[in-house]
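A.B. asks: sequence first, predicted coordinates after that:
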Amino acid sequence: MSFNTYFRLASYSTVAAAALALFVAGGVGVGLAAVFAVVLIAAWNLKGTRWQLSERIALVVILASLPIFYLDWRILTPYLQIEFLETGQRANAEVAVLAHLILFLSAVKLLQRKADRDWFFLYLISFFEVLLAAGLTASPAFLATLILYLLCALSTVVAFEIQKARRKVTATQTRLLVPPDSTLFRKLPMRLWRRRYLETRRLPLVSLGLLVLIVVLALPLFLIAPRTALSALKRGGNGLAGFIGFSDNVTLGEIGQLKGNDEIFMHVRVENANGAPRTGLRWRGVALDTFTGIAWKKSAEAASFEDQKDERGFFKLGTTEDLGHLTAQTFYLEPVDTPVLFGAPRILGVQGKLPFLRIDSEGAVQTRPHDQERVVYKVFSDITEPSPSLLRSDRLEYLVPAARYLQLPDNFDPRVAALTRKVIMQSEARTGYDVARAIESYLRDNYQYSLDLKAGGAEPLSDFLFHVKVGHCEYFATAMAVMLRTQGMASRVVNGFLPGEYNEAAGAYTVRQSDAHSWVEVYFPQTNSWVTFDPTPPAGRTARARSGLAGYLSKYSEALDLMWFQYVVGYDKQEQRSLATSLRKDLFDLRRSSSSALARGQSLLPLIARPGVVVLIISSVLIVIIFLAGRVRRFGWHRGLKVWQSGSDLESFRVDFYERLIALLESRGLRREPHQTPLEFAAAIGMNEAHAITDAYNRVRFGEEKLSDSERKRIEEFLSALEGRRREN
């Protein structure tokens, strides 16, 4: 690949990566992305042909298209807004029009003949596309496109500068960036890296190295500086609009509409779950105390709120007798148009970056609307309940404020009270707690669960109890609460969520809209506690389970998304402190385990020290003996046993084989005359061995060469053969 081709390929890749980032972020649709890809391919193939646009024609095309984009903004934008509202989305249509304009300008520049300023304009457009994409999404998929864009952009910038420099300097001088004698490239297999166009093969690796260096240098700054503001552009298409079931007035059947949707509502990480899911958890939302016959609502007393503000981000809502009863949960709530915050009952504290909290008399917690962004907060709950024996001893003597939990609708069907008395009589229940358990079991065992709304009419509860006997959680919870009220037991209906599916990869629960649930809370005045009862059959309380390869991959995808939001998008001072605490704990555990291992080693040292020292001494002596024996065999007794050598000794050591040859020849009466050179002396003797050794001597002594191991071995064989002949004579 020539350098010019590499430059074009890098530039086109940068433009394509930016468009891909915009597509992944949802800024453009599939159709427009496909059209831009076709333009990109056409522009590559039209290089150098007469079909390329001139600079003047490109300017005319851009100016002529401005009215079209004005109409796009004035006509298409309102149309898109209406369409988004009808579908429950809140996407920013102005952003879509801006994306259309950016891609159009980029396409025109690609199709024209390009000078340096045109390439630079394309690079600026691509950078703006990535910025726009960053403001449109908080998905980890954007990270992959960002890395691809950075790699392509680095390659392009380097190639662009070399391209400009090559017009003024020679091609050899442009190799200053990647020197041809680089150790890295010398080690690469040359069959993969042909000598021709060497710089185009090295530049991608240089760009990759620069990208790694940038990431390594930026990572500490990333961890030190938490994010304190939202993205520049808010894209509302992710919000759950028209969310029902968590307001002051909920009609029977609304929760069932939520349960038909599998969209993710939130993730919950329970910190003291010891890496395993817990049972019996529920995420409490709102509690309703007044039943009208067809709906539940809050009474005037229940709708009264108490506002709390705390600049430190911690809101104390209650106390506990034992800190060991606390369960900490971290909620990652998706954008949704309800201000309700969720938590396991009973909520004692909330921590998060929240401007305020509103707490009603039923223990429900609300904050500011967050239909355009995720909300992260931590809840501390005391999920313990009084023991059944203590609850059975409660005589249920209610005070006046509890009267609203005994309210029944006008024109109430008397058959409900009769059915309740029959259930109590059959179960032989004697205490209020046993009565609640009896009604709970009766509804679970004698009625079926279904999301199909079959009960209806003016009295849907009576229709459910006495005719269809099929319904979802709202009907079961309503039936139990009303049946308890007929017996003078204070109760209320709670809307919230089941724990959801536990994702082992993320260490958190995945809670979907289909996990929406209703249950009953019964008040026991002796312990001043609200106790949870759930009459819904098991079929309505089973969390969704994923299996197979698709389920396995989706769990890891959710884990990546949660980690991306926690440590990148939502990384604030709270997460910074949490990360620092976790690192300190890991370091402390490592130091403690190292100290324990060292202490165990010290206790075992006396047992192994004495034999270990003896073995070490014997091994060292054997190594020294073997080393000296080899030196004596090679250099003789005098030089072989001489451990320290001076500089002259080292120099002579390099050519000691020639001295051995001279000594052997003198022992046979062949003495070199002073006027003879080494080669003349070897030629006069007429021995092939002497000639080969003399040649090696000249190369080492005067040519500063080093003999290979095979040459040294061959010379040693020649000398050994001459020494053998001397002993025979």
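C.D. replies: Right, received. Where do you want to start?

A.B. asks: so which bits of stretch 372-381 are buried?
C.D. replies: Within stretch 372-381, the residues scored as buried using 16 or more other C-beta atoms under 10 Å are 373-381. No exception for glycine: its C-beta is placed from N, CA and C like everyone else's.

A.B. asks: typo on my end, it should be stretch 289-307
C.D. replies: 289-291, 293, 295-299, 302.

A.B. asks: residues contacting residue 329?
C.D. replies: The contact partners of residue 329, by C-beta atoms under 8 Å, 6 or more residues apart in numbering, come to 268-271, 343-344, 378-379, 381.

A.B. asks: lowest-confidence one in the residues you listed?
C.D. replies: In terms of pLDDT, the weakest of those is residue 271, which scores 81.

A.B. asks: about what we covered before: just the contacts of residue 329: which are in strands?
C.D. replies: 268-270, 378-379, 381 (DSSP state E).

A.B. asks: out of those residues, the closest to residue 333 would be?
C.D. replies: For the ones in strands among the contacts of residue 329, the minimum distance to residue 333 (C-beta to C-beta) is 9.2 Å, reached by residue 268.

A.B. asks: find the nearest non-adjacent residue to that closest one, please.
C.D. replies: residue 509 (4.4 Å; C-beta to C-beta, 6 or more residues apart in numbering).

A.B. asks: report pLDDT for that neighbour.
C.D. replies: 92.

A.B. asks: residue 431 now?
C.D. replies: So, for residue 431, pLDDT stands at 95.

A.B. asks: contact partners for it?
C.D. replies: 391-394 are the contacts of residue 431 under C-beta under 8 Å, 6+ apart.

A.B. asks: again, but for residue 18
C.D. replies: 125-127, 129-130, 133, 149.

A.B. asks: buried members of these into PyMOL, please.
C.D. replies: Of these, the buried ones can be selected in PyMOL as follows, counting by 16+ other C-beta under 10 Å:
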select buried, resi 125+126+129+130+133+149
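
A.B. asks: what's the closest of the contacts of residue 18 to residue 354?
C.D. replies: Closest to residue 354 out of these is residue 133 (28.9 Å), distances taken as C-beta to C-beta.

A.B. asks: list the contacts for the closest one?
C.D. replies: Residue 133 neighbours (C-beta under 8 Å, 6+ apart): 18, 21-22, 24-25, 27, 142, 145.

A.B. asks: kindly recompute the last result at 7 Å.
C.D. replies: 21-22, 24-25, 27, 142 (C-beta atoms under 7 Å, 6 or more residues apart in numbering).

A.B. asks: downstream of the helix or strand hosting it, the next helix or strand is which one?
C.D. replies: Assigned by DSSP states H and E, residue 133 belongs to helix 116-136. Note on helix 116-136: by DSSP H and E, the next helix or strand toward the C-terminus is helix 141-165.

A.B. asks: which of the residues in that following helix are buried?
C.D. replies: Buried, per 16+ other C-beta under 10 Å, within helix 141-165: 142, 145-146, 148-156, 158-160, 162-163.

A.B. asks: still on that earlier bit, could you identify the most distant pair in the buried residues of stretch 289-307?
C.D. replies: 293 and 302, at 18.0 Å, using C-beta to C-beta across those.

A.B. asks: how about low-confidence regions in the stretch 101-250 of the chain?
C.D. replies: 138-139, 166-203, 206, 214-215, 217-245 (pLDDT under 70).

A.B. asks: ok, the residue nearest to residue 268 - contacts?
C.D. replies: Residue 509 neighbours (C-beta under 7 Å, 6+ apart): 267-268, 499-502.

A.B. asks: with distance to residue 667 added, can I get the ones in strands among the contacts of residue 329 in TSV?
C.D. replies: As requested, the ones in strands among the contacts of residue 329 are exported to TSV (distance: C-beta to C-beta, whole Å):
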residue	distance to residue 667
268	94
269	88
270	91
378	93
379	98
381	100
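
A.B. asks: now for the residues you listed: which two are most distant?
C.D. replies: The farthest-apart pair in those, when distances are taken by C-beta to C-beta, is 269 and 381, at 13.7 Å.

A.B. asks: give me the three-state assignment for residue 266.
C.D. replies: strand (DSSP: H, G, I helix; E, B strand; the rest coil).

A.B. asks: helices along the stretch 301-450 of the chain, start to end?
C.D. replies: For the stretch 301-450 of the chain, the helices defined by DSSP state H, counting those that start in this stretch cover 388-392, 414-427, 432-446.

A.B. asks: out of those, which gets nearest to residue 256?
C.D. replies: helix 432-446 (16.4 Å).

A.B. asks: got the buried residues for that closest one?
C.D. replies: Buried-residue list, helix 432-446, by 16+ other C-beta under 10 Å: 432-440, 442-444.

A.B. asks: before we move on, what about stretch 532-540?
C.D. replies: 533-537, 540.

A.B. asks: just the ones of those residues in helices?
C.D. replies: The helices, defined by DSSP state H, take in nothing from these.

A.B. asks: can you tell me which of those lies nearest to residue 334?
C.D. replies: Nearest to residue 334 among these, with distances taken as C-beta to C-beta, is residue 540, at 23.1 Å.

A.B. asks: list the contacts for the closest one?
C.D. replies: By C-beta under 7 Å, 6+ apart, residue 540 lies in contact with 449, 472-473.

A.B. asks: just those residues now: which is nearest residue 408?
C.D. replies: For the contacts of residue 540, the nearest to residue 408 is residue 473 (21.0 Å; C-beta to C-beta).

A.B. asks: tell me the spacing between the closest one and residue 516.
C.D. replies: Taking C-beta to C-beta, to the nearest Å as the criterion, residue 473 is separated from residue 516 by 8 Å.

A.B. asks: likewise residue 454?
C.D. replies: In terms of C-beta to C-beta, residue 454 sits 19 Å off from residue 516.

A.B. asks: ok, back up a step: now do the phi/psi pair for the residue nearest to residue 268.
C.D. replies: phi -90, psi 140 (degrees, to the nearest 10).
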